[in-house]
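Asker: return atomic coordinates for the entry below.
(one chain, ligands or ions: 1)
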Amino acid sequence: MSRDIASSVSSWELLQEIARNNTSTRRVRRLGKSPSTAPIPSSVHKMPPDVVVPVLLYRDKNSWCPFCERVWFALEEKQIPFETEFIDLANKPKWFTNLVPTALVPTAKIKGKLVYESKEILLQLEEHFGKTLLPKQREEQTVARSWIEEAETNGLPAAGYKFLLQRHDNPDEVANNQATFVAKLDELEQTLAKYPGVYFLSTFSLVDIMYSPHLDRLASCLPVYQGFSIRNHPRFPRINAWLDAIYERPAYHRVKSDAITNNLMFCRLWGAEPIANLPPLDPTVSTKLEYRAEAAERLSDNYEAAISDILKNSGIKALFSSVGVSAVEDAIDLHLRLVAAYLLHGDKVLLPWGKVGTKRALEPFPSPSAVGAIALAYVRNRICAPRDMSAGAATAFRAAVDKVLASLY
Ligand SMILES: N[C@@H](CCC(=O)N[C@@H](CS)C(=O)NCC(=O)O)C(=O)O
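Answerer: All right, here's what the predicted structure looks like:
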């Protein structure tokens, strides 16, 4: 890294100030805890300061559980203020397993009453809070309730995940699983035709919320794990129009994961076998200033936790164990600031430029570029949406990391 670049990159304070002028998104810092930040519900400003928040949501600490996403989606749609308690599912605390008979998330305390099972929580939220997500007309409401049950029992998500996770050494099984899932999608396509408009019923409702986390994950991941695309498939025009409409909802933007998080999670948690590379980053998302500013704000607010995570988990520490950790930390810090600066200023920021085959002097040991390359390659895939930032911001972040990485050698 040339000296002039190192000295020209802004401080974290300045980067944060610029980022905060361009986004109103903020998170709560959770010092020393995992996750190190948590989103602030969009409705929290509605609460008078001395009133107890009416809903406590117990959810997974990766913020990736599709059943928790249903509840979070409804809370955001209904603008209910809530607090979150994160549960480590790999090591559930005793108080949680004593409290909840199923020991599963999501669980909620609604006005002090314990409710578990995502569907039950959604229905209880309807009982207690206005801005209903059930149709007002009685007949349609009866249909809604039966379709909510159906979403639990019709086996569509299970068929989708079975197909997704099917190993490729048995092509007949892959074909069978695909056929079963396609038949389920055909049924869903028919159901979507029953009411006018893009949603299941004549308005957006809990039925949409029951399906959205599962269909979003399956649509993101089946192309990578089975070469099967729901998106733009001519057989499923209504499902595609429905997905487009769900993606348009601001509340869904707050709770959804991006395609990279979804794909990495299936590999990490269930050992799914990819047959294609990770999908490209959508430039219509990664170039949006609001997402770029949010990503820069997240990074500038949380860089200390990011640096310690990189040091601990990327392999850098062992590689550079013979030199003091502070030089390594400085190099990581500099490259993260470069990413934040690029997010905020785009190509007005001069990136390092290549060193391959140049006559420039060799870098000192530890080479800042080598440290930066490892750190950036690690954080690119370490970022998890919406645990660390929104899906849009994560896409902008990954694109900025790619740009800086591509300039290092
Ligand atoms: N039917 C439940 C399913 C919830 C569920 O499976 N949650 C998973 C996380 S995605 C869980 O808590 N897993 C922990 C475990 O199995 O011990 C619901 O709809 O709430």
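Asker: and residue 31, what element?
Answerer: Counting by DSSP states H and E, there is no helix or strand that carries residue 31.
Asker: and it, how many neighbours?
Answerer: A count of nearby residues for residue 31, using other C-beta atoms under 10 Å, gives 8. (Each C-beta comes from the backbone N, C-alpha and C, glycine too.)
Asker: next: residue 193.
Answerer: By other C-beta under 10 Å, the residues close to residue 193 number 10.
Asker: surely it touches residue 239?
Answerer: No - the pair residue 193 / residue 239 is not scored as a contact, 10.7 Å apart, by C-beta atoms under 8 Å.
Asker: before we move on, what SS does the residue of the chain most remote from its centre have?
Answerer: Distance from the C-alpha centroid of the chain peaks at residue 359, with 42.9 Å (C-alpha atoms, centre = their mean). Per DSSP: H, G, I helix; E, B strand; the rest coil, the secondary structure class of residue 359 is coil.
Asker: any idea how far it is from residue 368?
Answerer: Separation of residue 359 from residue 368 (C-beta to C-beta, to the nearest Å) stands at 19 Å.
Asker: the stretch 1-150 of the chain: helices as residue ranges?
Answerer: Remark: helices assigned in the stretch 1-150 of the chain by DSSP state H, counting those that start in this stretch are 3-8, 12-22, 66-78, 94-99, 118-128, 138-153.
Asker: could you identify which of these is most buried?
Answerer: Mean neighbour counts were taken over the helices of the stretch 1-150 of the chain using mean count of other C-beta atoms under 10 Å, and the top value, a mean of 23, falls to helix 66-78.
Asker: which outside residues touch it?
Answerer: 41-43, 55, 57, 59-60, 82, 104-106, 108, 118-119, 121-122, 125, 129-131, 133, 157, 204, 206, 209-210, 212-214, 217, 249, 251-252, 254-256 (C-beta atoms under 8 Å, 6 or more residues apart in numbering).
Asker: list only those of those residues flagged as buried.
Answerer: Listed as buried from those are 41, 55, 57, 59-60, 82, 104-106, 108, 118-119, 121-122, 125, 129, 133, 157, 204, 206, 209-210, 212-214, 217, 249, 251-252, 254-256; burial here means 16 or more other C-beta atoms under 10 Å.
Asker: tally of neighbours for residue 215?
Answerer: Neighbours around residue 215, by other C-beta under 10 Å: 21.
Asker: where's it relative to residue 361, distance?
Answerer: Residue 215 sits 55 Å away from residue 361, going by C-beta to C-beta.
Asker: before we move on, what about residue 121?
Answerer: Per C-beta to C-beta, residue 121 is found 61 Å from residue 361.
Asker: now do residue 102
Answerer: According to C-beta to C-beta, residue 102 stands 62 Å off from residue 361.
Asker: same question, residue 259
Answerer: Taken as C-beta to C-beta, the span from residue 259 to residue 361 is 41 Å.
Asker: more neighbours: which of these two?
Answerer: A direct count of neighbours by other C-beta under 10 Å for residue 259 and residue 361 places residue 259 higher, at 25 against 8.
Asker: residue contacts, that one?
Answerer: Going by C-beta under 8 Å, 6+ apart, residue 259 touches 220, 221, 278, 279.
Asker: show me what contacts the last one?
Answerer: Okay, so that is residue 279. 220, 223, 224, 259, 260, 263.
Asker: hmm, residue 209 and residue 201 touching each other?
Answerer: No - counting by C-beta under 8 Å, residue 201 stays clear of residue 209, with 11.7 Å between them.
Asker: next one: stretch 28-38 to chain centre, how far?
Answerer: How far stretch 28-38 lies from its chain's middle: 16 Å, per C-alpha atoms, centre = their mean, to the nearest Å.
Asker: swap in stretch 326-333?
Answerer: Centroid separation for stretch 326-333 versus its chain: 28 Å, with C-alpha atoms, centre = their mean.
Asker: repeat that for stretch 159-174.
Answerer: Here stretch 159-174 is found 25 Å from its chain centre; the criterion is C-alpha atoms, centre = their mean.
Asker: same check, this time on stretch 396-406
Answerer: 18 Å.
Asker: pLDDT averaged over it - what is it?
Answerer: Average pLDDT, stretch 396-406: 98.
Asker: which residues belonging to it are considered buried?
Answerer: 396, 397, 398, 399, 400, 401, 402, 403, 404, 405.
Asker: include distance to residue 321 and secondary structure when you put the residues you listed into a markdown table, please.
Answerer: Converted to a markdown table, those look like this (distance: C-beta to C-beta, whole Å; DSSP: H, G, I helix; E, B strand; the rest coil):
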| residue | distance to residue 321 | secondary structure |
| --- | --- | --- |
| 396 | 34 | helix |
| 397 | 29 | helix |
| 398 | 29 | helix |
| 399 | 32 | helix |
| 400 | 29 | helix |
| 401 | 25 | helix |
| 402 | 28 | helix |
| 403 | 30 | helix |
| 404 | 25 | helix |
| 405 | 24 | helix |
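Asker: ok, so of these, who is nearest residue 171?
Answerer: Distance to residue 171 across the buried residues of stretch 396-406 (C-beta to C-beta) is lowest for residue 398, with 33.2 Å.
Asker: who's in contact with the closest residue to the ligand within the stretch 151-300 of the chain?
Answerer: Of all residues in the stretch 151-300 of the chain, residue 152 sits closest to the ligand, at 7.4 Å by C-beta to the nearest ligand atom. Residues near residue 152 by C-beta under 8 Å, 6+ apart: 119, 210.
Asker: who in the chain is up against the ligand?
Answerer: Within the chain, the positions adjacent to the ligand are 60, 65, 67, 89, 103, 104, 105, 106, 117, 118, 119 by C-beta under 6 Å from any ligand atom.
Asker: show me those residues that map onto strands.
Answerer: Among these, DSSP state E puts residue 60 in strands.
Asker: widest-spaced pair of the residues of the chain next to the ligand?
Answerer: Farthest apart among the residues of the chain next to the ligand by C-beta to C-beta are 89 and 119. That separation is 19.5 Å.
Asker: what number of residues lie near residue 308?
Answerer: For residue 308, using other C-beta under 10 Å, the count is 13.
Asker: any idea which element it lies in?
Answerer: helix 289-313.
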